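Asks: kindly return the folded structure for what I paste below:
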Amino acid sequence: MNGEILLSCKIVAAAKLAIKENELIHNELSKYENSVTFEFLPRRTLITMKTYKASNIKEWYEKCLSLGLMDIRFLMPISVEDRGLLGFSNTSKNSLVCFYKNGKVTYFTAHWEYDNNLKQWNVSYTEHSWGNPPQGKPQFEDNTEKFIEILTEIEILARKIECDGFADIFHNAKVILIDGAKNLTESGISLPSKNYNLFMAASLADVFGAMGSWNDSPPYMAHEKGLDTKYNELSTELLKQLRLAVLYAVNQW
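Replies: Numbers count the residues shown, from 1 in each chain. Sure thing, here's the model as predicted:
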């Protein structure tokens, strides 16, 4: 799975669990992440406007709680104009949406910057005000059946264009949806079993990236067999269904 999306999902899942159980948040960074900071919107004190910057996820969560955090959601678009851009940093456009007891809604977006010396990423989240949020919190439906359907179709296509490695990936993602994931701690995210299965299947099926990805050689191999249209249609639908699966998995529990 795209690292930018994975980190935001892990933060939201950990925050949701902490809120539900009234406990401290637990979240560990991946080996390729050096730091994660959070810049909050200026807020008025008795004297002046004051900004706050959390130096880690724990500080961010505690600050959100002090502001009256009541619930949190993970959001991202289910389609993109150019799938080829997904191999680059800062293109996922995901956000952490915070709902507060006073009715205020804000969202955090991330910027990833690579440290060439450390060979790791520094991630900075920035808070934005959602001035006119929709009524109610975003809700998502279980799309397991549609996800299985598209994985079946795109596996067939992958074998037709002689991309058996990708075909195996799509097949294995489908097996997770049908039989369940075997290792419930593998991704470093805590979710209920059904949600976890959807998340892991989506993580495995997320083959959209740069060199060596489903965006690289497969479109040319599809073209050689006159399957350009089929490739584009199924790839667009796969991205949609795997993202819908993530949105349901992380938010609906």
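
Asks: what is the burial count for Glu127?
Replies: Residues near Glu127, counting by other C-beta atoms under 10 Å, number 21. Yep, even glycine has a C-beta here, placed from its N, CA and C like the rest.

Asks: so what sits opposite it in the bridge?
Replies: Beta-bridge partners recorded for Glu127 (DSSP bridges): Phe108.

Asks: surely Val250 meets Cys9?
Replies: Yes: counting by C-beta atoms under 8 Å, Cys9 is a contact partner of Val250 at 4.9 Å.

Asks: contacts for the helix or strand of the chain with the lowest mean pLDDT, please.
Replies: Ranked by mean pLDDT, DSSP states H and E, the weakest helix or strand in the chain is strand 43-44, scoring a mean of 84. Contact partners of strand 43-44, identified using C-beta atoms under 8 Å, 6 or more residues apart in numbering, comprise 49-52, 67.

Asks: looking at these, which one is closest to Gly84?
Replies: Within the contacts of strand 43-44, proximity to Gly84 (C-beta to C-beta) peaks at Thr51, which comes in at 37.0 Å.

Asks: would you quantify the distance from Val105 to Ser124?
Replies: Computed as C-beta to C-beta, to the nearest Å, the Val105 to Ser124 distance reads 21 Å.

Asks: kindly apply the preceding question to Ser66 instead.
Replies: Applying C-beta to C-beta, the value for Ser66 to Ser124 is 21 Å.

Asks: same deal with Leu75?
Replies: With C-beta to C-beta as the criterion, Leu75 and Ser124 are 19 Å apart.

Asks: picking that back up, need the overlap of contacts for Val250 and Cys9.
Replies: 74, 199.

Asks: mean confidence for stretch 155-162?
Replies: The average pLDDT within stretch 155-162 is 98.

Asks: hang on, the earlier thing: which helices and strands sit right next to the helix or strand just after the least confident helix or strand of the chain?
Replies: Elements were assigned by DSSP states H and E; along the chain past strand 43-44, the next helix or strand is strand 49-50. Other elements packing on strand 49-50 under the criterion 3 or more C-beta pairs under 8 Å, 6 or more residues apart in numbering; DSSP states H and E are strand 43-44.

Asks: who does the strand it packs on pair up with?
Replies: Strand 43-44 has these strand partners (DSSP bridges): strand 49-50 (antiparallel).

Asks: same question for the partner strand, mean pLDDT?
Replies: pLDDT averaged over strand 49-50 gives 87.

Asks: contacts for the helix or strand that comes right after that strand?
Replies: Per DSSP H and E, strand 49-50 leads on to strand 53-54 as the next helix or strand towards the C-terminus. Residues outside strand 53-54 that contact it (C-beta under 8 Å, 6+ apart): 37-40, 60, 62-63.
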